[in-house]
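Asks: Next comes the sequence, and after it the predicted model I'd like to discuss.
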Amino acid sequence: MLIIFDDDMKTLPVGIAAFAPQVGTHTQLEGYAVAMAAVTLLCIPSVALFMLLQRYFIQGITAGGLKG
């Protein structure tokens, strides 16, 4: 967060952290609400990908956890 100065190179969590204070003009709570909404939207693709591929995750975990 301190090293990257170009907005195009920032990661999504850093971008949200920088974006949230700008949005909440009335109260600080509004800024947090916008940040949490953005984080929720960013989590949707990860959760969907896991749900589609969870069979392979579980197979990999059980294959790696067995001896022999």
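Replies: All right, it came through fine. Numbering: from 1, shown residues only.

Asks: for the longest helix anywhere in the chain, the distance to its chain's centre please.
Replies: Ordering each helix of the chain by length in residues (DSSP state H) puts helix 28-65 first. Here helix 28-65 is found 8 Å from its chain centre; the criterion is Cα atoms, centre = their mean, to the nearest Å.

Asks: Quick check: which helices or strands does that helix pack against?
Replies: When contacts are defined as 3 or more Cβ pairs under 8 Å, 6 or more residues apart in numbering; DSSP states H and E, helix 28-65 sits against helix 12-23. Yep, even glycine has a C-beta here, placed from its N, CA and C like the rest.

Asks: per-residue pLDDT, Leu66?
Replies: pLDDT, Leu66: 69.

Asks: Hmm, I typed the wrong one, I wanted Phe19.
Replies: 68.

Asks: Dihedrals phi and psi, Thr11?
Replies: Recorded main-chain torsions at Thr11 are phi -80, psi 170, according to degrees, to the nearest 10.

Asks: how many other residues sit next to it?
Replies: Applying other Cβ atoms under 10 Å, we find 10 residues neighbouring Thr11.

Asks: Any stretches of the protein with poor pLDDT?
Replies: 1-2, 19-31, 66-68 (pLDDT under 70).

Asks: and Ser46, how many neighbours?
Replies: When neighbours are counted by other Cβ under 10 Å, Ser46 comes out with 9.

Asks: State the distance from it to Asp7.
Replies: Per Cβ to Cβ, to the nearest Å, Ser46 is found 23 Å from Asp7.
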